[in-house]
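A.B. asks: sequence and computational prediction follow.
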Amino acid sequence: MPHGAMPRPSYLAADPSIWSWLTTTDHKRIGVLYLVALVGFFLVGSIAAALFRLELATPEADVVSADVYNRLFTAHGVVMVWFFLIPSIPAVLGNFLLPLMLGADDLPFPRLNLASWYVFVAGGLLSLGSILFGGVDTGWTFYTPYSSTYSNSYVMLMAAGVFVAGFASIFTGINFLVAIHRLRAPGMGWFRMPLFAWSLYATSLINVLATPVLATTLVLMVLERLFSVGVFDPDLGGDPVLFQHLFWFYSHPAVYIMILPGMGVVSEVLSCFARKRVFGYTFIAFSSLAIALLGFLVWGHHMFTTSQSVVGSLVFSLLSLLVAVPSAVKVFNWTATLWRGSIALDTPMLYVLGFLVLFTVGGLTGVMLSVLPIDVHVHDTYFVVAHFHFIMVGGMVLACLGGLHFWWPKITGRMYPERLGRIAAVAGLVGFVITFTPQFVAGYMGMPRRYHEYPDEFALPQAVSSAGVVVLAIGYVLPFGYLLWSLPHGRPAGANPWCATGLEWTTPSPPPADNFATTPHVTEEAYAYRADED
Amino acid sequence: MTALFQDGGLRTASRMAREVDDLTLLGLGITLLFGIGILVALVAFCIRYRRGAGRHDPTITRGRRLELLWLTGPLLINLVLFWLGAGLFTRAASVPADALPIYVIGRQWMWEIQHPSGRAELNHLTVPRGRNVVLQMISEDVIHSFYVPALRTKRDLYPGRFTSLWFAADRVGEYPLLCAEYCGTQHAGMIGTVRVVEPEEYERWCAGAERAPLAERGAELFEEHGCAACHGGADDASGPHLRRRFAATGSPSPQRLLRSILDPAAEIRGSWPVGMPSYRGVLDEPEMVALVHLLRTFGEAD
Ligand SMILES: [Cu+2]
Ligand SMILES: [Cu+2]
């Protein structure tokens, strides 16, 4: 730590004008810009969900019409997937923390980084525009020929929004990959990196390799819709199943884009609050890569009920069951990290413990779904809806909130009220379980997805599910309130309130604009926690 | 809507459905075992190793043997699950030769069912109990999915292509039929019933057909659209005599037959003086069904 050096203004204090924020190339400010944008999108996606859960509280169609319902679940899916979950941890926490964790001044391409935010916002505005003009009713999956020929809604605008936002993922991905290769501080070998950096590396690989396939697919769909170029519509000589292959070739790996960064957060938080190095560091690091690569080979498990060949389905089933193994090992390793730890149950830790349980259930129901005959029965039912919400919300959103609480003192220099934090974490967890567990039941009983009204036999699980939303909402609204409150009123955090390892904690909070006064030298493994003093 | 689901809950109408349930129970058991196991371990550790408990030992950072154990354990479990699933799936995918064909046409937002007898239904499917039934399904517009929870099975329908689904219902009763693939505004309204009746009742019911049998309608189309000119066995015909050929070799699958009609260049083997024109846009789906059914009957031994 530089003593007696000139006091350096924090990145927040440097130049507070709006213009300076909007033209910043500081990775920390870009992370904060992303945070602001993502809170907005999360709000939009959540309101859509709240409205259709209200509709689903009773079997009859009594709140909105079928067409409005279809637009609501499409808006929820598109916004949550592309404008919240995919950017979430990488674009906010990754942007803010990766250079700090590596001991670097900034990402290698700061202007590209700023461009990614603008591209993202532009894509988001196109999508919001299509929602405001009247919405899209294709579902977030855009299946053809419904999307390319039949739907009378603003498909083109929505597709354009997703297409444009894809470039933001690619830009961020390139920045992270190059940063990890080139900007690690002296002494920080690959296996001294925090596992969060490993998870961002794996995520970025997928972002860079898979996003172009989605972009191509959307362009083909638009060409068919605009100019009747026959690609997916059989009347034009195309093949609708081809769309599904291309779509899932991106969108299955995208599931890992959405969960790997969460796994990175889990490793950081768990080791800090157990005061132990993550059990089996090497394995966790490699399993991120294994998941990223194997994740490219399992897209066909979304297509067991299509005309996909039997052999194809068998292979995809086997590979899907294999890709579950590295995730299972991660869960065991994380659990073992707690063994002989010195565990404190602060808010970030509560979120991460919740992640572990819900991710385990989400993963194991994913294993069930990889078993062919089970999938054939529950495919496109609420069972699948419950499964992926356990991964996306129970996993990623909890990890995201956990990470946000963990690094909030670093980002803002302020502590949030701890007691409220714990209440919110527990409310989020309980609300989630009430909302999504009954959907497994409804799904196995045979209730298909995307029904705005439904037979009475599904009334009980659906009503419980809708009731859970109320509790879940507390878990989201509370942090929004007290985190904002903490900005002016929170107790100053100090450089390292959690006594965590990691270079980001060696800077003042909030960090100075240029991060480190002198380039740090790394002399230890990651997570070198010492034994308790007492 | 309530009437469709009188006794509520999930009912079971085939042996395969029960086998799916067995697999699910196994999967659920594994999920609960590990889910609860992890939960218990987390809670126990959080209590036993709480800060200040004096049991902290940060030197424990890896255990190769343990890791190997929990790598191979899930691997083996998953391989067993794959094996069990693959067996059942493969059986469910191979249509028995004696299966009774029934045709399903999906359109926004209804199910049209055509029986070989000429009997047709809307949003109801009547099948004989205990008999292997194969549904040959096609969509007129977007993708739909024919889903019968009581049979624990579903299959997507596509425009311009036949997909098939076979089952043997073994319990008389009425079971919900749902559309599982999102297909637009009234997706939730694209529901009906599968009615499983005794075989004799099915025969009686079929005898009440108000239209000509499917193969007869197919034969009319065979003449009307000029198929017979090339495929009827004339001396100067510019195509194979289909009745004779299929009697010898058996008929190709409905999907291959349909492809030969809609996209002849992709399916036709051998050299014939004149290429066959495509009938895409010429035949509507009910006509495709009738024609394909006729061609299928050519292959039945009589
Ligand atoms: Cu997938
Ligand atoms: Cu439908």
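C.D. replies: Yes, it's here. Ligands and ions are numbered 1, 2, ... in the order given.

A.B. asks: from the chain's centroid, how far away is stretch B:174-185?
C.D. replies: The chain centroid and the centroid of stretch B:174-185 are separated by 14 Å under C-alpha atoms, centre = their mean, to the nearest Å.

A.B. asks: quick one: low-confidence parts of the stretch 251-400 of chain A?
C.D. replies: In the predicted model of the stretch 251-400 of chain A, no residue satisfies pLDDT under 70.

A.B. asks: quick one: the helices in chain B?
C.D. replies: Listed from the start of the chain, chain B has helices (DSSP state H) covering B:15-48, B:64-93, B:199-207, B:214-224, B:227-231, B:242-249, B:254-262, B:264-267, B:285-298.

A.B. asks: what mean pLDDT does the fifth one have?
C.D. replies: Within the predicted structure, the mean pLDDT of helix B:227-231 is 87.

A.B. asks: now for that helix, which elements pack on it?
C.D. replies: The helices and strands touching helix B:227-231, judged by 3 or more C-beta pairs under 8 Å, 6 or more residues apart in numbering or on different chains; DSSP states H and E, are helix B:214-224. (Glycine included, C-beta is placed from N, CA and C.)

A.B. asks: other SSEs contacting the helix it packs on?
C.D. replies: helix B:227-231, helix B:285-298.

A.B. asks: highest mean neighbour count out of those helices?
C.D. replies: helix B:285-298 (a mean of 23; mean count of other C-beta atoms under 10 Å in any protein chain shown).

A.B. asks: do it and chain A meet at all?
C.D. replies: No - Helix B:285-298 stays clear of chain A (C-beta under 8 Å from any C-beta of the partner chain), getting no nearer than 11.7 Å.

A.B. asks: what sits up against that helix?
C.D. replies: With C-beta atoms under 8 Å, 6 or more residues apart in numbering or on different chains as the test, helix B:285-298 has contacts from B:101, B:103, B:105, B:107, B:112, B:114, B:116, B:136, B:138-140, B:162, B:214-215, B:217-219, B:221-222, B:225, B:227, B:242-243, B:245-247, B:251, B:254, B:257-258, B:261, B:283.

A.B. asks: if we go to 7 Å?
C.D. replies: For helix B:285-298, contacts defined as C-beta atoms under 7 Å, 6 or more residues apart in numbering or on different chains pick out B:101, B:103, B:105, B:114, B:116, B:138, B:140, B:214-215, B:217-219, B:221-222, B:242-243, B:246-247, B:251, B:254, B:257-258, B:261, B:283.

A.B. asks: where does pLDDT dip in chain B?
C.D. replies: B:1-8, B:270, B:273-274, B:301-302.

A.B. asks: give me the domain ranges for it.
C.D. replies: B:1-39+B:74-211, B:214-269+B:276-297 (automatic domain parsing).

A.B. asks: setting aside sequence neighbours, what's the nearest residue to residue 299?
C.D. replies: Just going to use chain A. residue A:248 (3.8 Å; C-beta to C-beta, 6 or more residues apart in numbering or on different chains).

A.B. asks: wait, chain B was what I had in mind.
C.D. replies: Using C-beta to C-beta, 6+ apart, the nearest residue to residue B:299 is residue B:251, at 2.9 Å.

A.B. asks: comparing the domains of chain B, which comes out most buried?
C.D. replies: Stretch with highest mean neighbour count among these: domain B:1-39+B:74-211 (a mean of 19; mean count of other C-beta under 10 Å).

A.B. asks: how about the stretch 401-534 of chain A: which residue is closest to chain B?
C.D. replies: Scanning the stretch 401-534 of chain A for the residue nearest chain B gives residue A:446, at 2.7 Å (criterion: C-beta to the nearest C-beta).

A.B. asks: number of nearby residues for that residue?
C.D. replies: 28 (other C-beta atoms under 10 Å in any protein chain shown).

A.B. asks: which residues are in contact with the residue in the stretch 151-300 of chain A that chain B sits nearest to?
C.D. replies: At 3.3 Å from chain B, residue A:234 is the closest residue in the stretch 151-300 of chain A, using C-beta to the nearest C-beta. Applying C-beta under 7 Å, 6+ apart, we find residue A:234 in contact with A:240, B:158, B:159, B:160, B:161.

A.B. asks: and those as a markdown table, adding distance to residue A:151?
C.D. replies: Listed next are the contacts of residue A:234 as a markdown table, based on distance: C-beta to C-beta, whole Å:
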| residue | distance to residue A:151 |
| --- | --- |
| A:240 | 14 |
| B:158 | 17 |
| B:159 | 15 |
| B:160 | 19 |
| B:161 | 21 |
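
A.B. asks: tabulate those residues (JSON lines), appending distance to ligand 2.
C.D. replies: Output for those, formatted as JSON lines (distance: C-beta to the ion, whole Å):
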{"residue": "A:240", "distance to ligand 2": "14"}
{"residue": "B:158", "distance to ligand 2": "13"}
{"residue": "B:159", "distance to ligand 2": "13"}
{"residue": "B:160", "distance to ligand 2": "18"}
{"residue": "B:161", "distance to ligand 2": "17"}
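
A.B. asks: quick one, strands of the stretch 251-400 of chain A?
C.D. replies: Under the criterion DSSP state E, counting those that start in this stretch, the stretch 251-400 of chain A contains no strands.

A.B. asks: tell me which residue in it sits closest to ligand 2.
C.D. replies: Ranking the residues of the stretch 251-400 of chain A by distance to ligand 2 (C-beta to the ion) places residue A:380 first, at 9.2 Å.

A.B. asks: cool, and the stretch 1-150 of chain A?
C.D. replies: Counting by C-beta to the ion, the stretch 1-150 of chain A gets nearest ligand 2 through residue A:146, at 9.4 Å.

A.B. asks: tell me, how many residues neighbour that residue?
C.D. replies: The local packing of residue A:146 (other C-beta under 10 Å) involves 24 other residues.

A.B. asks: my read: it touches residue B:181, true?
C.D. replies: No - judged on C-beta atoms under 7 Å, residue A:146 makes no contact with residue B:181 at a distance of 9.1 Å.

A.B. asks: any common contacting residues for the two?
C.D. replies: Residues within reach of residue A:146 and of residue B:181 at once, by C-beta under 7 Å, 6+ apart, are residue B:143.
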